[in-house]
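S.K.: need the 3D shape of this:
(one chain, ligands or ions: 1)
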Amino acid sequence: MKIIMNTMETVANKTILFLAVILMLAAPVFAQTGASIKTVVIDPGHGGKDPGAVGKNSKEKDIALSIALKLGEYITSKCQGIKVVYTRKKDVFVPLAKRAEIANSANADMFISVHINSSTNKEAYGTSSHVYGFCFNLDMKTLSLQENNAVKFEENYLDEYGDWETVSEIKTMSSFTSSPLANQGKQLAEKIQNEFETRAKRYNRGVEYASFLVLKRTQMPAVLVECGFISNEEEEKFMASTYGQEILASAIFRAFRDYNGSSSQPEPTKSNICFRIQLKSLSKQIPLNSSELKGIPNIEELHINGKYQYVVGKETDYKKITDQLANIRKQIPDAFVIAVRNGTEKVDIKVAKKELGQ
Ligand SMILES: [Zn+2]
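M.R.: Numbering: from 1, shown residues only. The predicted structure is shown next:
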């Protein structure tokens, strides 16, 4: 009886999940006005002779391909005018450098690489998204090595990629993490993790920098998504199932759609003034993930009067920015609102308010 009940519950759960996917996809599609993405490259990890991580009953290369194809279908059918390019659509081996080359030659505006995680700890579970950068913790270093191991299926991989763990590499990375490309990738990564957690109900392990070779060579914002752990029995089952793949793909899709709708700059006002929250003003440049900036998402770096200004928020309504300030001050108590003209010049708040008619 218990077994029957469990089976019935599972069927019910599946139905709910299925309906949830339909509802999520049926949500109104935002008008593509101001859409910045014209071409997105979707990169299913591994393939062919490289199985990626291997679970009890499935392989990373197959699950990643299914999720990636579903993601591409959603984008093609729901976002008019966006071209989807895949690095592979079948079970074939594609070298990492070739994947980046496909994205670069397609002039892509976004690169999304789909992977499945694995750990020797069978209990480990959850989703994470990554942008290219210096690995701050051992887990990320291990994960990078795990994913970069794909190159070992390539001949002469040392000639092609060199030793990617050298010190000079790490230096290049830390300057990269503060670049606008890394920042845009991070914005999408954060949206993906948010969707995974709130709507797909997957455990959120967060957004982290990792030194994935495939991300290193792409010349556009790029995110690598780890959809769960194949080494965890329950998560493997979920990811190997069609409904699990639909849930995961639709979460990435919604994040992408949201990113695309919101990544355009706010309509410039007549005077090109907007309010920002200043976190730090420094004479030296620091990476956006510096501990001084407390891990606050979507930080931008401005150059004003020879200083590096680290800011968040962008509003033309003074009230809205002060609402955001309250939250930011919980992490950085001395943050305050500034008014900026054309992104390059500070303006007195009173003058800005007057110009904006407030
Ligand atoms: Zn992988």
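
S.K.: can you list the weak-confidence ranges in the stretch 201-350 of the chain?
M.R.: Applying pLDDT under 70 to the stretch 201-350 of the chain flags the ranges 262-271.

S.K.: residue ranges of the strands in it, please?
M.R.: 204-210, 222-229, 273-282, 300-304, 307-315, 336-341, 345-347 (DSSP state E, counting those that start in this stretch).

S.K.: quick check: which of those strands is buried the most?
M.R.: The highest average neighbour count among the strands of the stretch 201-350 of the chain, using mean count of other Cβ atoms under 10 Å, belongs to strand 222-229 at a mean of 28. For the C-beta atoms, the positions are set from N, CA and C on the backbone; glycine is no exception.

S.K.: strand partners (parallel or antiparallel) of that strand?
M.R.: Sheet pairing of strand 222-229 (DSSP bridges) gives strand 110-117 (parallel), strand 127-132 (antiparallel).

S.K.: that one near the ion at all?
M.R.: No: with Cβ under 5 Å from the ion as the criterion, the ion is not reached by strand 222-229; the gap is at least 7.5 Å.

S.K.: okay if I get the strands of the stretch 201-350 of the chain as JSON lines plus distance to residue 118?
M.R.: Shown next, in JSON lines, are those (distance: least, Cβ to Cβ, whole Å):
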{"stretch": "strand 204-210", "distance to residue 118": "13"}
{"stretch": "strand 222-229", "distance to residue 118": "6"}
{"stretch": "strand 273-282", "distance to residue 118": "37"}
{"stretch": "strand 300-304", "distance to residue 118": "35"}
{"stretch": "strand 307-315", "distance to residue 118": "35"}
{"stretch": "strand 336-341", "distance to residue 118": "45"}
{"stretch": "strand 345-347", "distance to residue 118": "49"}
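
S.K.: rewinding a little: which one of the strands paired with strand 222-229 lies closest to residue 260?
M.R.: Nearest of these to residue 260, taken as Cβ to Cβ: strand 110-117 at 8.3 Å.

S.K.: neighbours around the residue nearest to residue 244 when sequence neighbours are not counted, how many?
M.R.: Of all residues not flanking residue 244 in the chain, residue 238 sits nearest, at 3.9 Å (Cβ to Cβ, 6 or more residues apart in numbering). A total of 20 residues lie near residue 238 under the criterion other Cβ atoms under 10 Å.

S.K.: ditto for residue 351
M.R.: Residues lying near residue 351 (other Cβ under 10 Å) number 13.

S.K.: who in the stretch 1-150 of the chain is up against the ion?
M.R.: Neighbours of the ion within the stretch 1-150 of the chain, by Cβ under 5 Å from the ion: 45, 52, 115, 147.

S.K.: and the first one, what is it in contact with?
M.R.: With contacts defined as Cβ atoms under 8 Å, 6 or more residues apart in numbering, the neighbours of residue 45 are 52, 60, 61, 64, 113, 114, 115, 116, 147, 150.
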